[in-house]
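[1] sequence and computational prediction follow.
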Amino acid sequence: MAIKMLRKSWRRQPGAEELFFREAEILVRLRHPNIVSVQGIGRTSGGGCFLVIDLVDGGDLSQRTQPQVPIAQAIEWAAQAAEGLAFAHREGVVHRDLKPSNLLLDSRGGVLIADFGLALELSARESVADSLVGTLAYMAPEQLFSEGRQIGPAADVFGLGAILHELLAGRPPDEGRNLVDLVERRLASSPPMRLRSLRPNLPDAVEKVVARCLAAEPAERFSADELSQTLRRLGSGQ
């Protein structure tokens with residue numbers, strides 16, 4: 001088991017404790033082999049907040065993106081993450097901050113999604129139109145510039161597509177861009193550099209899967225369930 005504490009510096013922030021315990025409540029509902037589980041919630045004698053979570057001791061995918069990951073391994077990790085996402089989406093939860101450091105590896109190489117602190121519950125339909133929430137390189141266009149557009153499960157699929165791109169190419173699709181450049185590029189539906197120009201031996205089918213995940217329009221992306229099934233077929237050579 002591992003302990004996740006709410007930092008003292010964050011405890012003074014308005015709503016910090018509420019968000020911390022809200023993450024715990026979400027994780028209690030999301031019991032899935034590819035999502036980190038909460039085993040307990042509590043407070044210290046000094047008033048601090050903590051979660052008891054599963055110990056996942058294999059590091060995270062941010063430590064595995066350099067050099068480029070073998071294609072079969074990248075597909076397997078992405079498929080497992082997509083299966084966890086599909087379950088979360090069926091439970092009405094959107095992660096909103098997928099990035100390599102939030103995909104943990106257990107001792108057997110299995111992927112577990114962590115850190116639901118920015119998660120959106122679709123049933124609550126929180127007001128997020130004016131909030132820039134997530135990590136820049138992995139954020140979908142609708143997260144960068146919502147203008148009232150609903151942020152839903154497709155945003156997570158974009159994030160996972162950006163992670164898969166990084167695993168295969170050694171870099172995310174829009175590495176090094178500032179916020180203004182990134183917003184303009186995403187809103188103009190400007191595609192990232194062809195993945196096969198960065199990984200020449202990549203099968204065309206894999207490149208097409210990544211490109212669909214990174215589509216500018218949410219409706220053009222896979223669902224997480226479709227993505228997991230597609231990746232499983234690619235992984236099995238079908």
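    Now that the structure is in, tell me what you want to look at. Residues are numbered from 1 along each chain as shown.
[2] okay, and the helix or strand of the protein with the least pLDDT?
    When the helices and strands of the chain are scored by mean pLDDT, DSSP states H and E, helix 8-11 comes last with a mean of 58.
[3] quick one: contacts for the residue most central in space within the chain?
    The centre of the chain sits closest to L98, judged by Cα atoms, centre = their mean, with a distance of 1.9 Å. For L98, the contact set (Cβ atoms under 8 Å, 6 or more residues apart in numbering) comprises A81, L85, I113, Y138, D156, G159, L160, A162, I163. C-betas here are computed from N, CA, C, even on glycine.
[4] need the worst-confidence member of these.
    Lowest pLDDT of the contacts of L98: Y138, 92.
[5] can you pull the phi/psi pair for it?
    Dihedral angles of Y138 (phi, psi; degrees, to the nearest 10) stand at phi -120, psi 10.
[6] against T44, how distant is the spatially closest residue to L214 that is not a sequence neighbour?
    Leaving aside its sequence neighbours, L214 sits nearest to G161 (Cβ to Cβ, 6 or more residues apart in numbering; 4.7 Å). G161 is 40 Å from T44, where distance means Cβ to Cβ, to the nearest Å.
[7] returning to what we had before: restricted to strands, list the contacts of L98.
    Cross-referencing those against strands under DSSP state E gives I113.
[8] turn the contacts of L98 into CSV, including neighbour count and distance to L30.
    Formatted as CSV, the contacts of L98 follow (neighbours: other Cβ atoms under 10 Å; distance: Cβ to Cβ, whole Å):
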residue, neighbour count, distance to L30
A81, 29, 13
L85, 28, 10
I113, 26, 9
Y138, 25, 20
D156, 31, 13
G159, 27, 17
L160, 32, 16
A162, 26, 22
I163, 27, 19
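[9] so which of the contacts of L98 would you say is closest to V28?
    Using Cβ to Cβ, I113 comes nearest to V28 of those, at 14.7 Å.
[10] output the contacting helices and strands for the helix or strand K208 falls within.
    Taking DSSP states H and E as the definition, one finds K208 inside helix 204-213. Using 3 or more Cβ pairs under 8 Å, 6 or more residues apart in numbering; DSSP states H and E, the elements in contact with helix 204-213 are helix 153-169, helix 195-198, helix 224-236.
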